[in-house]
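Q: Here's my sequence, what's the structure:
(chains A and B)
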Amino acid sequence: MLQLLSRIGAPDFINMTVTQEQSVFFQLTYPEGLKGYVELHLEEPDEIELVFNLYRNKQVVKAYGGKVEESLAAYLYALNG
Amino acid sequence: MADPEGYPNRLIPKLGYQYIDDFSPLASAYLQRNMPAEFRLENGDVDAAKVAPQSGHLADFSTNLVGIFLPEDRRFQLTEIGSLDYGQLWLEGSKVDEPNDNHFYIDETLAALFLRIGDVPKIQVPYNVGEQGGFTAMCEVRHTPIRGNFWHVSLRWINQEGDVLNQRGGWRKRMLTAARALLAEVMEEHLPVGALNEMDASIYKDE
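A: Below you'll find the predicted structure:
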């Protein structure tokens, strides 16, 4: 996931944290003040899910959570405006 | 390490204190969230993962009402033994004895982030349920005094079903991920000059 996120949208910065709750939290910054907060939820028995929140100037641009492929597609779409 | 001054008496609930139900007179006051010393990422942004290490902490987000509680009071942390008593919710009208050295320790490393109470109603986190988007949870301030700290205040998230703390569902983790991101965006590192105004006693005293 880290490699994948580092390839889409050309982030300036990416940070990854393994949380205490079977999830991995990514924080990304992009040109023009876009910030991405992405969490990969791996809690069993739930289905693996990817949640993202995209911000610009402290305002949410797009938020979505769902299956990994769907969520990544929505994230890419949101990054491209 | 115990503090030679002892635990700050100003934090202890007193007889005659009452729950703060209405925060509207405190719109210009600030809430303080304790943070680990290193809460910034290499690029200078707040590390959202450190705003709340566990999602349960996000659903009932602990802060302190700054005013009589001074920013530096965050140094006073309850020990495991101290938490058994002083970490419990304070019941209005109950008397609390001062903690002794076994009940607390000093943590000089803690940093803090701040949030203006008047800005809390503007905080709404978006999330989707299944494929349906457009859901929001609004942030609310709740006074949740504990026996060791009358100024303990929680941020809660309220959706159309009520308090998210009492709800379950696959959407909940999406909402809490959104809350973590939003808090990292809106919380401030510095308390503005003049933010430590004297608090009107009628807000917290039964007079």
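Q: who's in contact with the spatially most central residue of chain B?
A: With distances taken as CA atoms, centre = their mean, residue B:63 lies nearest the centre of chain B, 1.3 Å away. Applying CB atoms under 8 Å, 6 or more residues apart in numbering or on different chains, one finds that residue B:63 lies in contact with B:31-33, B:115, B:152-155. C-beta here means a position set from N, CA and C on the backbone, and glycine is covered the same way.
Q: Distance to chain A, secondary structure and neighbour count added to those residues, as a markdown table?
A: As requested, the contacts of residue B:63 are exported to a markdown table (distance: CB to the nearest CB, whole Å; DSSP: H, G, I helix; E, B strand; the rest coil; neighbours: other CB atoms under 10 Å in any protein chain shown):
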| residue | distance to chain A | secondary structure | neighbour count |
| --- | --- | --- | --- |
| B:31 | 17 | strand | 27 |
| B:32 | 20 | strand | 22 |
| B:33 | 17 | strand | 20 |
| B:115 | 13 | strand | 22 |
| B:152 | 22 | strand | 21 |
| B:153 | 22 | strand | 25 |
| B:154 | 20 | strand | 16 |
| B:155 | 17 | strand | 22 |
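Q: The nearest residue to residue B:81 once chain neighbours are set aside and residue B:197, how far apart?
A: Distances taken as CB to CB, 6 or more residues apart in numbering or on different chains put residue B:102 closest to residue B:81, at 5.7 Å, once the chain neighbours are dropped. The spacing between residue B:102 and residue B:197, counted by CB to CB, to the nearest Å, is 35 Å.
Q: how much space between the spatially most central residue of chain A and chain B?
A: Closest to where the C-alpha atoms of chain A average out (CA atoms, centre = their mean) is residue A:38, at 2.6 Å. Distance of residue A:38 to chain B, given as CB to the nearest CB, to the nearest Å: 8 Å.
Q: pretty sure that residue is touching residue A:17, no?
A: No - contact criterion CB atoms under 8 Å: residue A:38 and residue A:17 do not qualify, at 11.0 Å.
Q: and the two most separated of the contacts of residue B:63?
A: Largest separation among the contacts of residue B:63 by CB to CB: B:115 and B:152, giving 14.6 Å.
Q: Check for me that residue B:177 belongs to a helix.
A: Yes - under DSSP: H, G, I helix; E, B strand; the rest coil, residue B:177 sits within a helix.
Q: That one and residue B:113, how far apart?
A: Taken as CB to CB, the span from residue B:177 to residue B:113 is 18 Å.
Q: These two: which is more packed in?
A: residue B:177 (29 against 23; other CB atoms under 10 Å in any protein chain shown).
Q: Which element is encountered next along the chain beyond the least confident helix or strand in chain B by mean pLDDT?
A: The helix or strand of chain B with the poorest confidence is helix B:55-59; it has a mean of 83 (mean pLDDT, DSSP states H and E). Next helix or strand after helix B:55-59 toward the C-terminus (DSSP states H and E): strand B:61-65.
Q: could you point out which element follows the helix or strand hosting residue B:157?
A: Assigned by DSSP H and E, residue B:157 belongs to strand B:152-159. Counting by DSSP H and E, the next helix or strand C-terminal to strand B:152-159 is strand B:162-163.
Q: Pull up the pairing partners for that next one, direction included.
A: Strand pairing for strand B:162-163, using DSSP bridges, gives strand B:152-159 (antiparallel).
Q: returning to what we had before: what's near enough to touch the residue nearest to the centre of chain A?
A: A:5, A:25-28, A:50-53, A:75.
Q: give me the beta-bridge partners of it?
A: Bridge pairing for residue A:38 - DSSP bridges - gives residue A:26, residue A:52.
Q: One more: residue B:31?
A: Under DSSP bridges, the beta-bridge partners of residue B:31 are residue B:65, residue B:115.
Q: is the longest helix along chain A up against chain B anywhere?
A: Secondary structure assigned by DSSP state H gives helix A:68-79 as the longest helix of chain A. No - contact of helix A:68-79 with chain B is not found when judged by CB under 8 Å from any CB of the partner chain; the minimum separation is 8.7 Å.
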